[in-house]
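Visitor: Fold the following.
(one chain, ligands or ions: 1)
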Amino acid sequence: MTPNPQPAIIVHGGAGRIRAEELPRRLDGCKAAALAGWEIIQQGGSALDAAEAAVVVLEDNPLFNAGTGSTLNSLGQVEMDAAIMAGETLRAGAVAAVQGIKNPIKLARRVMEDGRHLLFAGEGALLFAREIGFPQCDPDALIVEAERTRWQEKHGTVGCVAMDADGRIAVATSTGGIFNKLPGRVGDSPLIGCGTYADDDGGVSCTGQGEAVIRIVMAKTALDFLKEGANPEAAAHQAIALLAQKTGGTAGLIIIDRQGKIGYARNTERMPVALIGSAGEIQLDS
Ligand code: GLY
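Guide: Predicted coordinates:
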């Protein structure tokens, strides 16, 4: 663990095209999420709790493609993926292609805490939820009216990387996946190393075209660039450049290293982010 770690947090609200008039509300949503996580860290809480809390805020905001407001698959249903990981212990939990769960990131956390398995998919995830008494909701309750009418524009994923005052790093990522996906399709977000990864050296959450992100194992690849000496900003850009070169795909990622330094990069038009670093001031970017 780093001596005198500098707590830090960054959240993303998904990489893709965002209409200019929608951007302020998306940035506000990211800001609210980052502040929710930051408050936990400021009160001495863990990076894991902070990352989970930040992602819950984004899942509950219908503007974002996660939880309530998730994009619809080819059958007009919401099917969601989420993962959470603690860098210090490499413990992780994930759910894939789940329906009727208001906050998939909370269920992913319960998978992690349970510890028997790391990733549950589809009906098995719901069986696990029932077994542990985790609440389920009507799958249609997660479909917002605006989504039915403008579902083709929905994209992205939400995510958070946080480092607490003890230098622990955690990552949480949650998504409704990609528009019009076939039922059962699983993206990068719940796949450890692909859309979500954390260890002692840093944490990464990705957003974008899952099929491309998976092929270069982007979250772990970005951390490997960090381990080879790149700073977080450079590591993020190198991972995106590799993605573009090897797959032609588009994506974005956020990263925090063991010193609490923050980086992010995208090759999409937009990726709203909110971050708080050593200065303690919130910054927004897109
Ligand atoms: N990056 C989210 C997905 O492809 O599902």
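
Visitor: Going by C-alpha atoms from here, please, whenever you check contacts or count neighbours.
Guide: Noted.

Visitor: Following the chain onward from the helix ranked longest in the chain, which element is next?
Guide: Counting residues, the longest helix in the chain under DSSP state H turns out to be helix 23-42. Using DSSP states H and E, the helix or strand that follows helix 23-42 in sequence is helix 47-59.

Visitor: Which elements pack onto that following helix?
Guide: Packed against helix 47-59 by the contact rule (3 or more CA pairs under 8 Å, 6 or more residues apart in numbering; DSSP states H and E) you find helix 23-42, strand 80-86, helix 104-114, strand 158-163, strand 169-175.

Visitor: so that helix versus strand 169-175, what angle?
Guide: When axes from the mean of the first three to the mean of the last three CA atoms, to 10 degrees is applied, the directions of helix 47-59 and strand 169-175 differ by 20 degrees.

Visitor: Helix 47-59 and the ligand in contact?
Guide: No. Helix 47-59 stays out of contact with the ligand when judged by CA under 6 Å from any ligand atom, the minimum separation being 13.8 Å.

Visitor: Give me the angle between that helix and strand 80-86.
Guide: Using the same axes, to 10 degrees, helix 47-59 lies at 160 degrees relative to strand 80-86.

Visitor: Report the buried residues of helix 47-59.
Guide: Neighbour counts over helix 47-59 (16 or more other CA atoms under 10 Å) mark 47-59 as buried.

Visitor: my read: residue 163 touches residue 260, true?
Guide: Yes. Using CA atoms under 8 Å, residue 163 is in contact with residue 260, at 6.4 Å.

Visitor: neighbours around residue 18, how many?
Guide: 20 (other CA atoms under 10 Å).

Visitor: ok, and the closest non-adjacent residue to it?
Guide: Closest residue to residue 18 apart from its sequence neighbours, by CA to CA, 6 or more residues apart in numbering: residue 270 at 6.4 Å.

Visitor: Residue 90 too?
Guide: Spatially, and ignoring its direct neighbours in sequence, residue 90 is nearest to residue 199 (6.0 Å; CA to CA, 6+ apart).

Visitor: What of residue 37?
Guide: Nearest to residue 37 is residue 50, by CA to CA, 6+ apart, at 4.0 Å.

Visitor: re the thing from before, for the residue nearest to residue 90, what are its contacts?
Guide: Applying CA atoms under 8 Å, 6 or more residues apart in numbering to residue 199 gives the contacts 86-90, 169.

Visitor: ditto for residue 224
Guide: By CA under 8 Å, 6+ apart, no residues touch residue 224.

Visitor: Make sure it is indeed in a helix.
Guide: Yes. Under DSSP: H, G, I helix; E, B strand; the rest coil, residue 224 sits within a helix.

Visitor: Show me where this protein has its strands.
Guide: In the chain, the segments counted as strands under DSSP state E are 8-12, 80-86, 92-98, 119-121, 158-163, 169-175, 196-199, 202-208, 251-257, 262-266, 273-276, 282-285.

Visitor: wait, which of those is closest to residue 244?
Guide: Nearest to residue 244, of all the strands of the chain, is strand 251-257, at 8.7 Å by CA to CA.

Visitor: tell me the angle that closest one makes with strand 202-208.
Guide: Using the same axes, to 10 degrees: strand 251-257 against strand 202-208 is 170 degrees.

Visitor: Return the distance of the residue nearest to residue 90 relative to the ligand.
Guide: 21 Å (CA to the nearest ligand atom, to the nearest Å).

Visitor: Tell me the spacing between that residue and residue 284.
Guide: Taking CA to CA, to the nearest Å as the measure, residue 199 and residue 284 are separated by 26 Å.

Visitor: cool, and residue 195?
Guide: For residue 195 relative to residue 284 (CA to CA), the value is 22 Å.

Visitor: and those two? which has more neighbours close in?
Guide: It is residue 195, of residue 195 and residue 284, that has more neighbours when counted by other CA under 10 Å, with 31 against 16.

Visitor: Hmm, the more buried one is touching residue 216, no?
Guide: No. The pair residue 195 / residue 216 is not scored as a contact, 10.2 Å apart, by CA under 8 Å.

Visitor: Please point out which parts of stretch 226-237 sit buried.
Guide: So stretch 226-237, judged by 16+ other CA under 10 Å, has buried residues 226, 230-237.

Visitor: Noted, bye for now.
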